[in-house]
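Engineer: kindly generate the corresponding structure for this input.
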Amino acid sequence: MAESGCLLKCFSSEFEDFLKRRAQCKEFKKPGQRVLLKQSSKLRNGDFVVPSVLTKAAFPDRAHLQSFLSSEEVTVALQGFSLPIQHIDTTDDGRLCLKLFRPQTFHKILSNVTKLGSNYGCLQSAGDRVALVNSVPQNCQNSAHDGGQSLVQLRGELVSAHVAALLRARGFVVHEVRSSMQEQHEEDFWNLLCNRTHVCVLETDSNSGTRELLLKAAAESKYKISSTEDRRHLTNDDTKACRTLEDDGLNSGEKLTKQEEVVMLDLKRFIEDNSIQTGKEGYDPNLKTATILEGQQPTRLLEEVIICLQSSLDSAKTKAPVVVHVASHGRAFHSQLVDMTWRMLTPHKVTATQTHLVYNSVAARKSVSTSEQLTAYDFWRLRHSQMREASVLKYGDEVKGPGWDATITAMTAAAVQFELLFTSCQHIAKLDLSIKESGEGPQDNKGGAFILYNCARLATLFKHYQEAVQAGVYPELPDISAVDFSLLKEEEEWALLFNYILPYRELVQGTVVDVNKTRAKIHTHQVCSFLITLSRDLSSYYGRVRVLLEPRAHLLPVMFARLHLMKGIQQVMHNGLSLLGIHPITQM
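Structural biologist: Next up, the predicted model:
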């Protein structure tokens, strides 16, 4: 399994401590301020910098700084960092520049990727952190009017699946809350897009005793609103449906349903009694009441609470889970109703941290209205036809048969997923639905397909290499310990390692910022953005630099170094796609 630390974060912390111990002024930075900044361009001038403001604050006397940097103490200290530093220097504008020793860094990072494989970027799970991802279902009345699943629903499914994968990468044991209440999808395209291979899905019905437990809790709750006296502070809308039925002497839960046609909980008083934060960073201040029983039946709200509680009991045997409610903007209020009702009716021994991630709607670009009328299947068909047309334009009559059908379907799935996940989930996902005369869709809609194309290029590269090995043209790829990475002279090669392979782990770990507050902070768009940028730089490098060289003795060491670099890039791309539930293709 993956190691627990992020190398970049560790290196930054080590250098900050090193600088602080030797600085003339110990209090040279504000709390939480980063000292070491990673560069992303012009890497010949240095890989990391300390801003001039901090450098001057730490070393007011420039002569003292120069003397310190040239001392033997610094030379010795540089050998002990997580990343090998070649030298530290100052610039004309007063910044400190750090340059890494590239051959050693290539070897260290690529060896780590080889060792960890598909776990590169993930934290090791000890099994003690459990997360439940509750995908709050859309309103059934709203989802059926157009005869198919909406794009908002599809976006919600993709966001929920990606959140589960990101939590798993953070070391959580992840379960998804699924029940018969949620719609079942028979369409092949839906099942292809909403791949759930990374999580354990809890199929929960509500007949395991949890129902009776919550009905009993409702009957005994001091926040139960049932009598006319109790309802005096409520509005007419809250009370107009409340009637009293005859008591026929059943058990506590059944007695409750027979006595009162409508039973509500006083959320407002519960929130006040427990000093629960409301407002922008807390719960909606309009949470007043929750209707949990109508006649003899639990409401849909209470059924959802029963399912969540049972899932919590099933999944977390020793420690309370983190529950992430993933809801559309239109269902965010309902999501908080589920949360608050769960809090009020759950026994104290079954506590859980609950947080909410809200995703926005989907709209056509150049349109102010959302794309509710365009079903997910309509959108899929549009992109699939555009992907097939683009393939025919590029490859001609070759585009035929089951192999090409599978490739076009995979690329369409990736394109759709990237379009709906590339934008931060808090913002509206704007889709370009225009059709050019050629039938080809806009280029910026093909981020996912472009990434799969680059995956296929790498797969083909290694396939050709292995075929040449079997034919006796090339020797077997040597172990990474025997590779001379000082032969990688191209600046693009260093940029691929430094800007993508090295920071990948920190990027993945940084996607889940906070799941301990009311509003979850999870960056569901960052992996997509990372993979698209990586693919662009890889394509530029691959189109300019030959990896497979002539089988001459003096060229083989360079080829081996480049192949190991490409293996590292391939592994990072596969790991990133795995977080999105996308399988890489091996050929075009």
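Engineer: list of residues touching stretch 503-522?
Structural biologist: Contacts to stretch 503-522, defined as Cβ atoms under 8 Å, 6 or more residues apart in numbering, come from residues 2, 6-9, 38, 120-123, 131, 163, 166-167, 169-170, 277, 281-283, 322, 324, 353-358, 425, 523-524, 526-527, 530, 572, 575-576, 579. From N, CA and C alone the C-beta is placed, and that goes for glycine too.
Engineer: and those residues, which are buried?
Structural biologist: Those of the contacts of stretch 503-522 that meet the buried threshold are 2, 6-8, 38, 120-123, 131, 163, 166-167, 169-170, 283, 322, 324, 354-358, 425, 523-524, 526-527, 530, 572, 575-576, 579, by 16 or more other Cβ atoms under 10 Å.
Engineer: narrow those to those in strands?
Structural biologist: Among the buried ones among the contacts of stretch 503-522, the members falling in strands (DSSP state E) are 38, 131, 322, 324, 354-358.
Engineer: quick one: residue 576 and residue 533 touch, right?
Structural biologist: No - in this structure, residue 576 is not within contact of residue 533 by Cβ atoms under 8 Å, at 11.1 Å.
Engineer: what ranges does the stretch 51-200 of the chain have for its helices?
Structural biologist: Using DSSP state H, counting those that start in this stretch, the helices of the stretch 51-200 of the chain run over 52-58, 62-69, 72-77, 102-116, 140-143, 151-169, 188-193.
Engineer: quick one: buried residues of the first one?
Structural biologist: In other words, helix 52-58. Buried residues in helix 52-58, defined by neighbour count with 16+ other Cβ under 10 Å: 54-56, 58.
Engineer: ok now do residue 18, which residues does it touch?
Structural biologist: Going by Cβ under 8 Å, 6+ apart, the list of residues near residue 18 reads 77, 81.
Engineer: next one: it, what pLDDT does it get?
Structural biologist: Per-residue pLDDT puts residue 18 at 86.
Engineer: tilt between the helix or strand that it is a member of and helix 102-116?
Structural biologist: Counting by DSSP states H and E, the element that carries residue 18 is helix 7-22. Here the directions of helix 7-22 and helix 102-116 differ by 130 degrees (axes from the mean of the first three to the mean of the last three Cα atoms, to 10 degrees).
Engineer: buried residues in helix 7-22, which are they?
Structural biologist: 7-8, 11-12, 14-16, 18-19, 22.
Engineer: what do you get for stretch 539-558?
Structural biologist: Buried residues in stretch 539-558 (16+ other Cβ under 10 Å): 541-542, 547-548, 557-558.
Engineer: how about the CA coordinates for that stretch, as CSV?
Structural biologist: What follows is stretch 539-558, C-alpha atoms only, in CSV (Å, rounded to 0.1, in the frame of the first residue of the first chain):
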residue,chain,number,x,y,z
SER,A,539,1.5,15.1,-26.5
SER,A,540,3.9,18.0,-27.2
TYR,A,541,6.9,16.1,-25.9
TYR,A,542,5.9,12.8,-27.7
GLY,A,543,5.4,14.6,-31.0
ARG,A,544,8.8,16.2,-30.9
VAL,A,545,11.1,13.7,-29.2
ARG,A,546,11.7,10.1,-30.3
VAL,A,547,11.5,7.6,-27.5
LEU,A,548,12.3,4.4,-29.4
LEU,A,549,15.7,5.0,-30.9
GLU,A,550,17.9,3.0,-33.3
PRO,A,551,19.3,-0.1,-31.6
ARG,A,552,22.9,1.3,-31.3
ALA,A,553,24.9,0.8,-28.1
HIS,A,554,25.3,4.5,-27.4
LEU,A,555,21.6,5.3,-27.9
LEU,A,556,20.1,2.5,-25.8
PRO,A,557,20.8,4.1,-22.3
VAL,A,558,18.9,7.2,-23.4
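Engineer: where exactly do the strands run in the stretch 201-350 of the chain?
Structural biologist: 224-225, 262-266, 289-294, 297-298, 322-328 (DSSP state E, counting those that start in this stretch).
Engineer: strands paired with the first one, and their directions?
Structural biologist: Strand pairing for strand 224-225, determined by DSSP bridges: strand 262-266 (antiparallel).
Engineer: now the fourth one
Structural biologist: Taking DSSP bridges as the criterion, strand 297-298 pairs within the sheet with strand 289-294 (antiparallel).
Engineer: before we move on, back to that, gap between the helix holding residue 18 and the chain center?
Structural biologist: Distance of helix 7-22 from its chain centroid, counting by Cα atoms, centre = their mean, to the nearest Å, is 28 Å.
Engineer: how about stretch 462-472?
Structural biologist: 37 Å.
Engineer: next one: residue 338 from residue 160, what distance?
Structural biologist: Going from residue 338 to residue 160 by Cβ to Cβ, to the nearest Å gives 15 Å.
Engineer: no wait, residue 584
Structural biologist: Residue 584 is 22 Å from residue 160, by Cβ to Cβ.
Engineer: now residue 336
Structural biologist: Taken as Cβ to Cβ, the span from residue 336 to residue 160 is 17 Å.
Engineer: just residue 481 next, same as before
Structural biologist: In terms of Cβ to Cβ, residue 481 sits 42 Å off from residue 160.
Engineer: and the two? Which one has more around it.
Structural biologist: Between residue 481 and residue 160, residue 160 has the larger neighbour count (other Cβ atoms under 10 Å), namely 26 against 7.
Engineer: find the nearest non-adjacent residue to the more buried one, please.
Structural biologist: residue 135 (4.0 Å; Cβ to Cβ, 6 or more residues apart in numbering).
Engineer: ok, now residue 169?
Structural biologist: Here the residue nearest residue 169, using Cβ to Cβ, 6+ apart, is residue 122, at 4.5 Å.
Engineer: thought that neighbour was touching residue 165?
Structural biologist: No - look at residue 122 against residue 165 with Cβ under 8 Å: they stay out of range, at 9.9 Å.
Engineer: sorry, back to before: show me which pair in the buried residues of stretch 539-558 is furthest apart.
Structural biologist: The span of these, defined through Cβ to Cβ, is set by 542 and 557 at 19.8 Å.
Engineer: give the contact list for residue 538.
Structural biologist: Shown in contact with residue 538 (Cβ under 8 Å, 6+ apart): 454, 496, 569.
Engineer: let me redo that: residue 379
Structural biologist: By Cβ under 8 Å, 6+ apart, the contact list for residue 379 reads 151, 154, 371, 416, 431, 433.
Engineer: by pLDDT, give me the weakest of those residues.
Structural biologist: residue 371 (47).
Engineer: re earlier: okay, and which of the buried residues of stretch 539-558 map to strands?
Structural biologist: Per DSSP E, these never map to strands.
Engineer: spatially nearest residue to residue 532 (excluding sequence neighbours)?
Structural biologist: residue 447 (4.6 Å).
Engineer: kindly report the same for residue 9.
Structural biologist: Using Cβ to Cβ, 6+ apart, the closest residue to residue 9 is residue 506 (6.0 Å).
Engineer: any idea which element the one you found lies in?
Structural biologist: Secondary structure (DSSP H and E) places residue 506 in helix 504-511.
Engineer: that helix: which residues count as buried?
Structural biologist: Neighbour counts using 16+ other Cβ under 10 Å place 504-509, 511 of helix 504-511 among the buried residues.
Engineer: can I get those in CSV with distance to residue 293 and pLDDT?
Structural biologist: What follows is the buried residues of helix 504-511, written out as CSV (distance: Cβ to Cβ, whole Å; pLDDT from 0 to 100):
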residue, distance to residue 293, pLDDT
504, 50, 95
505, 49, 94
506, 49, 93
507, 47, 94
508, 44, 94
509, 44, 93
511, 40, 94
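Engineer: mind listing the helices for the stretch 451-588 of the chain?
Structural biologist: 491-496, 504-511, 526-544, 556-579.
Engineer: to residue 395, which of those lies closest?
Structural biologist: helix 526-544 (17.5 Å).
Engineer: centre of the chain versus that closest one, how much separation?
Structural biologist: 19 Å.
Engineer: and the angle from that helix to helix 504-511?
Structural biologist: 160 degrees.
Engineer: with that, I have no additional questions.
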